[in-house]
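Colleague: Provided below are the primary sequence and the corresponding predicted coordinates.
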Amino acid sequence: MKIKALTVSLFMLGAIGASAQILTGDSFAKYDLDKYDGKADHKHQYVEAATSLKSKFELDKNDQLTYSNVIECAGMDKDKIYDNINGWFTKTFADKTAAVQTNSKETGALIVNVNIKNVVTFPHQVVSVNMIVKINIKDGKARLTTTIKDYVINSGTSWTSKKCYPFYDEQDPLRKKIGSSAYVASCVFTEIVEKQLTEAAKPKVETPSSDDDW
């Protein structure tokens, strides 16, 4: 069944602050999902992409989807890694829809609850995603953990990942499309956060001054 009415947008302007905008609705619409859906057509095949991405997140004991990866920071101590990451973290999650739960240099923990609004829009149905982004820092490494808590329909009804495709064999084509789209967008969000976090954690290279008279 082809559903023509689907439009997808991921408004990080509303989700994580105007200063960051790590992913906008327009950029997500242009995001090439061919590496996930297995079709070299530069189109958004959300169900196929969701099927492929199923191994990226795992259902945890709370039936929430969790992804975790360690970022190696060889030769750096915990405080230096924290200093490098903290500025990015604070700027990125500075919006009222992203509530910082923990930001501790002493323990090396940064945790934020993120509400990604209007991730998927159908006629009469708007889907948002609630996620947790957690960063734990030790000497020489940082661990990123993201958890998709749930999808919220029209700011009211909550859909758990366990009850949505690809973790539930959904028979209704529209609901399957909605769940797949929200899941894929959440994976893209995680991918971009991971990329930016990896860059933020790297040692900063000072640019030599070009002023010979300094």
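Modeller: Happy to help now that I have it.

Colleague: quick one: Trp88 from Ala200, how far?
Modeller: 4 Å (CB to CB, to the nearest Å). Backbone N, C-alpha and C define where each C-beta goes, glycine included.

Colleague: How about Glu48?
Modeller: 32 Å.

Colleague: OK, contacts around the closest residue to Phe167 other than its chain neighbours?
Modeller: Spatial nearest neighbour of Phe167, excluding adjacent residues (CB to CB, 6 or more residues apart in numbering): Ser161 at 5.6 Å. Counting by CB atoms under 8 Å, 6 or more residues apart in numbering, Ser161 touches 57, 59, 63-65, 148, 150-151, 167, 183.

Colleague: same check, this time on Ser155
Modeller: Contacts of Ser155 by CB under 8 Å, 6+ apart are 126, 128.

Colleague: which SS state does it fall under?
Modeller: What DSSP: H, G, I helix; E, B strand; the rest coil gives for Ser155 is coil.

Colleague: Tell me the pLDDT of it.
Modeller: Note for Ser155: predicted pLDDT of 78.

Colleague: quick one: low-confidence ranges for this protein?
Modeller: Within the chain, the ranges that satisfy pLDDT under 70 run 1-30, 37-38, 42-44, 204-214.

Colleague: Which parts of it are strands?
Modeller: 7-8, 58-59, 65-72, 98-104, 109-122, 125-138, 141-153, 157-159 (DSSP state E).

Colleague: Do I have it right that Ile135 meets Phe89?
Modeller: Yes - contact criterion CB atoms under 8 Å: Ile135 and Phe89 qualify, at 6.9 Å.

Colleague: residues in contact with Val112?
Modeller: So Val112 contacts 89, 93, 98-101, 132-133 (CB under 8 Å, 6+ apart).

Colleague: between Ile135 and Phe89, which one's more packed in?
Modeller: Comparing Ile135 with Phe89 by other CB atoms under 10 Å, the one with more neighbours is Ile135, at 27 against 21.

Colleague: wait, what's in contact with the more buried one?
Modeller: 85, 89, 109-111, 142-145, 197 are the contacts of Ile135 under CB under 8 Å, 6+ apart.

Colleague: What subset of the residues you listed is buried?
Modeller: Using 16 or more other CB atoms under 10 Å as the burial test, the contacts of Ile135 include 85, 89, 110-111, 142, 144-145, 197 as buried.

Colleague: Go through the strands of the chain and name the closest to Lys39.
Modeller: Closest of these to Lys39 is strand 7-8, at 17.0 Å (criterion: CB to CB).

Colleague: chain center to the longest helix that the chain contains: distance?
Modeller: Ranked by residue count, the top helix of the chain under DSSP state H comes out as helix 173-201. Relative to its chain's centre, helix 173-201 lies at 5 Å (CA atoms, centre = their mean, to the nearest Å).

Colleague: before we move on, back to that, overlap in contacts, Ile135 and Phe89.
Modeller: Leu110.

Colleague: What are the neighbouring residues in contact with Phe167?
Modeller: 54, 59, 65, 161.

Colleague: my guess is the first one contacts Tyr168, does it?
Modeller: No - judged on CB under 8 Å, Lys54 makes no contact with Tyr168 at a distance of 11.3 Å.

Colleague: Show me which residues of stretch 182-198 are buried.
Modeller: 182-194, 197-198.

Colleague: For Ser104, give its distance to Asp32.
Modeller: Ser104 is 38 Å from Asp32, by CB to CB.
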